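In: sequence first, then the predicted structure:
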Amino acid sequence: MTKIDTRPVRLPDDKQQSANHALAQVRAYLDDHRTASQVTVTVEDGDGRESLALPREAVELLATLLAHLSAGRAVSVVPADAELTTQQAADMLNVSRPFLIGLLEAGEIEYRTVGSHRRITASSVLEYQRRDDHRRRAVADELTELGQEMGTI
C-alpha cells in the first residue's frame, strides 16, 4: 500500500491574499477560454521562465484549492482510490476512531481487512459523507416543515 499523507495544508495569513489574487486570475482565464482543453502556465523563478501545459481539469482543481486556501481553510488532496487507515478516515470525517469503527461494523462504510487491519478507500468515506449530509438536510427540512405547521417558526 502506498503511504498517503492526509495532513491538511493551510496558508499563513500573509499568503492568503496572494492565493486570492491568483484565484481571480485563474477563474478569469478559465471563463475567457471555456473551450480550451489545455492551459499553458508560465512558471518563473530565479533561473528563468518555463511554460507548462496542464490539462484543464488540473487547473480547475487548482482554482478550487486556491479558493479554499485563500478563505483560510486547510486543504488535503487524496486520490479517490487511496486506501486509508481507520485513523485517516476518522480524521477525514472529523470523528473519533472508535466512532468510525462503529460505522464500519454497522455497514455504513465499505472497507476491507488486510490481516487484522481495516482499510477504507477515500471514495467510500466521501460517499458516506455525501449520504450523511443528504440525510441531515432531509431531517432539517422535515423539522422546519413541522415547525411551520405548528406555527413555532
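Out: Nice, I can see it. Small disclaimer: the values here were computed from a predicted structure and weren't measured.
In: the helix or strand of the chain with the lowest mean pLDDT pairs with which strands?
Out: Least confident helix or strand, the chain: strand 38-45 with a mean of 90, by mean pLDDT, DSSP states H and E. Partners of strand 38-45 in the sheet, by DSSP bridges, are strand 48-55 (antiparallel).
In: give me the contact list for stretch 70-82.
Out: If you take C-beta atoms under 8 Å, 6 or more residues apart in numbering as the criterion, stretch 70-82 is touched by 2, 4, 6-11, 13, 16-17, 19-20, 23, 65, 68-69, 84, 92, 121-123, 126. In this view, the C-beta of every residue, glycine as well, is placed from N, C-alpha and C.
In: coming back round to it: what are the buried residues along the least confident helix or strand of the chain?
Out: Val39 (16 or more other C-beta atoms under 10 Å).
In: how far is that strand from where the chain is centred?
Out: Computed by C-alpha atoms, centre = their mean, to the nearest Å, the chain-centroid distance of strand 38-45 equals 24 Å.
In: can you tell me which helix in this protein is longest?
Out: helix 122-150 (DSSP state H).
In: pLDDT of it, averaged?
Out: Averaged across helix 122-150, pLDDT comes to 94.
In: ok now it, how far from the chain's centre?
Out: That offset, for helix 122-150, works out to 19 Å (C-alpha atoms, centre = their mean).
In: what residues of that helix count as buried?
Out: Neighbour counts over helix 122-150 (16+ other C-beta under 10 Å) mark Ala122, Ser124, Val125, Tyr128 as buried.
In: quick one: contacts for the residue nearest to the second one when sequence neighbours are not counted?
Out: This means Ser124. Spatially, and ignoring its direct neighbours in sequence, Ser124 is nearest to Glu110 (4.4 Å; C-beta to C-beta, 6 or more residues apart in numbering). Glu110 sits next to Ile120, Thr121, Ser124 when contact means C-beta under 8 Å, 6+ apart.
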